[in-house]
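Colleague: sharing a model prediction with you, sequence too.
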2 protein chains.
Amino acid sequence: MKALVLFSGGLDSSTCLALAVKQYGPNNVTALFCYYGQKHSKEAESARNIALHYGVQLKSLDLSLIFADSNCSLLKQSTQSVPLESYDSQLKNTGGKPVSTYVPFRNGLFLSAAASVALSLGCQKIFYGAHADDAAGNAYPDTSVAFNEAMSKSIWLGSGQQLSVEAPFIKSTKAQVVKTGLELKVPFEKTWSCYEGGTRPCCRCGTCLDRIRAFELNGTTDPLLGE
Amino acid sequence: MKALVLFSGGLDSSTCLALAVKQYGPNNVTALFCYYGQKHSKEAESARNIALHYGVQLKSLDLSLIFADSNCSLLKQSTQSVPLESYDSQLKNTGGKPVSTYVPFRNGLFLSAAASVALSLGCQKIFYGAHADDAAGNAYPDTSVAFNEAMSKSIWLGSGQQLSVEAPFIKSTKAQVVKTGLELKVPFEKTWSCYEGGTRPCCRCGTCLDRIRAFELNGTTDPLLGE
């Protein structure tokens, strides 16, 4: 059995990678990093370091041209800056619609690309680190449980029942993902979540606020902030 | 209302494009051509000619690197040649599994890429020319009705209910698609379906055999063969 892990170099997918390696062994796991045109390269750097840590093969795909017409605030070409506030505040401004950091159908595209690569490599499983807090209301509709179920079914059927998606955290909070990661000794100090590409996390964007809180709920602090 | 048509330059998606143009007008329709690493460039040439015929914007994406590890017989790097026999014969050899011309999860990937582009361009609809004969048993599982339903649901949910998929031929035979195309005066002589990149269709691969029969069932012959 071989597995492909959809891997961003962030906290969630690194914990997901740790689970896959524990279950399949490093030689049977490939990590897939997708570049989508984000403003910084911190995630790619983290992905390399963590793949090295676990001794797994890392594959990278550049999918940025697919988003060339998008004005999502995470993208290089965007005229918008990343909002420095919580998702709750942002959703009040968007009237419940996806937020400016929603990259159009990104997770659907990443899962589909992962399916194509996984089938090409003879993998039977895609590991996907989405969790229950990810959807953040309707901020990111392509991370909801309902989306994940439909997409998993698409991959199962569209692959001729050769490939399935495992999303071990789909019903867990981010705090529970951190708990699992702490137990598995995931090198969180090597991961990167912040939407800004600074030397340290900005501690103000939506993803920073969520990450800080997830560590707090585990009675600890993010090792990235303690350095 | 704006629409994106997933467009290969073949008979089915050209008829689909004709329907979209009829419904939305050429200025509100974008055709998306995805190159996936196939052995010839006849499809790209057809796509350009047909987009020009209808006066719609044509966007092209090169997704071939995603399939770099696949040995599918349609791909440049493949060690296999395209089988010159019907899908029924091929399925007997594969024991009902996808055939060697199945490009891993290609349609799922194309639909996902189309969703990302459509959302970026402010389209509310993706037109997709899959039809009932496409699945050809289980030769192409990523064209079945069940797959299409799951994938359409994924796109609807994952886009925050902003984007839907319209597959007008999903329950039609290829002969019925040809019938619609003839009625709409689709320039079939400009389309390309054959898996080989010759100057004329090979008339022996699975897709040629299906195309020839679809014209026969309409009491006519393929204009590509009459030239």
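Modeller: Okay, I see it. Numbering: from 1, shown residues only, chains lettered A, B, ... in the order given.

Colleague: can you map out the strands along chain A?
Modeller: A:3-6, A:29-35, A:57-62, A:125-127, A:164-166 (DSSP state E).

Colleague: can I get those strands in TSV with distance to chain B and mean pLDDT?
Modeller: For the C-beta atoms, the positions are set from N, CA and C on the backbone; glycine is no exception. Below are these laid out as TSV (distance: least, CB to the nearest CB, whole Å; pLDDT from 0 to 100):
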stretch	distance to chain B	mean pLDDT
strand A:3-6	11	98
strand A:29-35	10	97
strand A:57-62	6	97
strand A:125-127	10	98
strand A:164-166	11	97
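
Colleague: minimum distance to B:G37: which of those strands has it?
Modeller: strand A:57-62 (13.5 Å; CB to CB).

Colleague: now A:Y140. Its backbone dihedrals?
Modeller: phi -130, psi 80 (degrees, to the nearest 10).

Colleague: any idea how far A:K179 is from B:A214?
Modeller: Counting by CB to CB, to the nearest Å, the separation of A:K179 from B:A214 is 58 Å.

Colleague: neighbour count for the two, which is higher?
Modeller: Remark: of A:K179 and B:A214, B:A214 carries more neighbours, 24 against 17, as counted by other CB atoms under 10 Å in any protein chain shown.

Colleague: test my guess that the more buried one contacts B:S172.
Modeller: No: using CB atoms under 8 Å as the test, B:A214 is too far from B:S172 to be in contact (10.6 Å).

Colleague: just confirm A:A20 contacts A:T30, I think it does.
Modeller: No: A:A20 is beyond contact range of A:T30, at 9.5 Å (criterion: CB under 8 Å).

Colleague: of those two, who's got more company?
Modeller: Taking neighbours as other CB under 10 Å, A:A20 and A:T30 compare with A:A20 leading, 28 against 23.

Colleague: next, the contact list for the more buried one, please.
Modeller: Applying CB atoms under 8 Å, 6 or more residues apart in numbering or on different chains, one finds that A:A20 lies in contact with A:A3, A:V5, A:V29, A:K125, A:F127.

Colleague: who wins for most neighbours among these?
Modeller: That'd be A:V5 among the contacts of A:A20, by other CB under 10 Å, with 31 neighbours.

Colleague: what number of residues lie near A:S81?
Modeller: Neighbour tally, A:S81, other CB under 10 Å: 11.

Colleague: got a list of what the residue nearest to it when sequence neighbours are not counted touches?
Modeller: Excluding the flanking residues, the one nearest A:S81 by CB to CB, 6 or more residues apart in numbering or on different chains is A:S73, at 6.2 Å. By CB under 8 Å, 6+ apart, the contact set of A:S73 is A:Q80, A:S81, A:V82, A:P83, A:S100, A:T101.

Colleague: and the pLDDT for A:S73?
Modeller: At A:S73, the model reports a pLDDT of 87.

Colleague: that one and A:H40, how far apart?
Modeller: 13 Å.

Colleague: now do A:L58
Modeller: 18 Å.

Colleague: okay, the two: which has more neighbours?
Modeller: A:L58 (19 against 15).

Colleague: quick check: closest non-adjacent residue to that one.
Modeller: A:A51 (3.8 Å).

Colleague: and for the one you found, the neighbour number?
Modeller: Going by other CB under 10 Å, the residues that sit close to A:A51 add up to 24.

Colleague: I figured it hits A:F7, correct?
Modeller: Yes: using CB under 8 Å, A:A51 is in contact with A:F7, at 7.4 Å.

Colleague: list residues touching both of these two?
Modeller: A:L17, A:A31, A:L58.

Colleague: distance of the residue of chain A most remote from its centre relative to chain B?
Modeller: Relative to the C-alpha centroid of chain A, counting by CA atoms, centre = their mean, A:G160 is the outermost residue, at 26.1 Å. When CB to the nearest CB, to the nearest Å is the yardstick, A:G160 and chain B sit 4 Å from each other.

Colleague: spatially nearest residue to that residue, not counting backbone neighbours?
Modeller: Per CB to CB, 6+ apart, closest to A:G160 is B:P141, 3.9 Å.
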